[in-house]
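> need the 3D shape of this:
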Amino acid sequence: MKKIILLLFCVPLLLASTCEDDDQIFCTTEAVAALNVSVTLGESSSLVSDGITVVATDGNYSETLVVNDATNPVFVGAYERQGNYIITVSKDGYQTYTSEIIPITRDECHVIPEQIQVNLVPN
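Alright, predicted model coming up:
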């Protein structure tokens, strides 16, 4: 009887030790933009992109962000690139905006995107 009880206690331990860790992470193949910058002008809440330049800088690295979809004018860039960025947004007739440092990190698969909202003030 003691052997049966001992066996009942040991079997779950043996089974647990043979289990495989099945927490696989499946990553997508899409490239993720680390920086997503929305720009408004003055009192308006409408997003704009015409005549606006958005530049991201991380040390010696510099990239001019682009708008990929005219119906959703968000400037994107720094695809799959982590770092510490400073964003500069400029447009004629408006004060140039310069951000604080924006840290971009990553997980097992992609960078963690940051959504930045900038309102340019007229000169």
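> show me where this protein dips below the pLDDT cut-off.
1-22 (pLDDT under 70).
> residue ranges for the strands of it, please.
In the chain, the segments counted as strands under DSSP state E are 33-41, 53-58, 61-64, 66-67, 74-79, 83-90, 97-98, 102-104, 114-120.
> okay if I get those as TSV plus mean neighbour count and distance to Leu47?
C-betas here are computed from N, CA, C, even on glycine. Shown next, in TSV, are the strands of the chain (neighbours: other CB atoms under 10 Å; distance: least, CB to CB, whole Å):
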stretch	mean neighbour count	distance to Leu47
strand 33-41	21	5
strand 53-58	19	12
strand 61-64	12	18
strand 66-67	16	10
strand 74-79	20	7
strand 83-90	18	12
strand 97-98	16	15
strand 102-104	16	19
strand 114-120	16	9
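> any chance of these in CSV with distance to Asp23 as columns?
Formatted as CSV, the strands of the chain follow (distance: least, CB to CB, whole Å):
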stretch, distance to Asp23
strand 33-41, 26
strand 53-58, 32
strand 61-64, 34
strand 66-67, 37
strand 74-79, 27
strand 83-90, 29
strand 97-98, 42
strand 102-104, 25
strand 114-120, 27
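> specify the stretch among these that is closest to Cys27.
strand 74-79 (14.6 Å; CB to CB).
> what pairs with the closest one, parallel or antiparallel?
Sheet pairing for strand 74-79, assigned by DSSP bridges, gives strand 33-41 (antiparallel), strand 66-67 (antiparallel).
> in JSON lines: those strands, plus distance to Val54.
JSON lines is the format used below for the strands paired with strand 74-79 (distance: least, CB to CB, whole Å):
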{"stretch": "strand 33-41", "distance to Val54": "5"}
{"stretch": "strand 66-67", "distance to Val54": "8"}
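> between these, which one is nearest to Phe75?
Closest approach to Phe75 among these (CB to CB): strand 33-41, 4.2 Å.
> what residues does the closest one touch?
Outside strand 33-41, the residues that touch it by CB atoms under 8 Å, 6 or more residues apart in numbering are 46-49, 52, 54, 56, 65, 73-83, 85, 87, 89, 91, 94, 102, 104, 111-120, 122.
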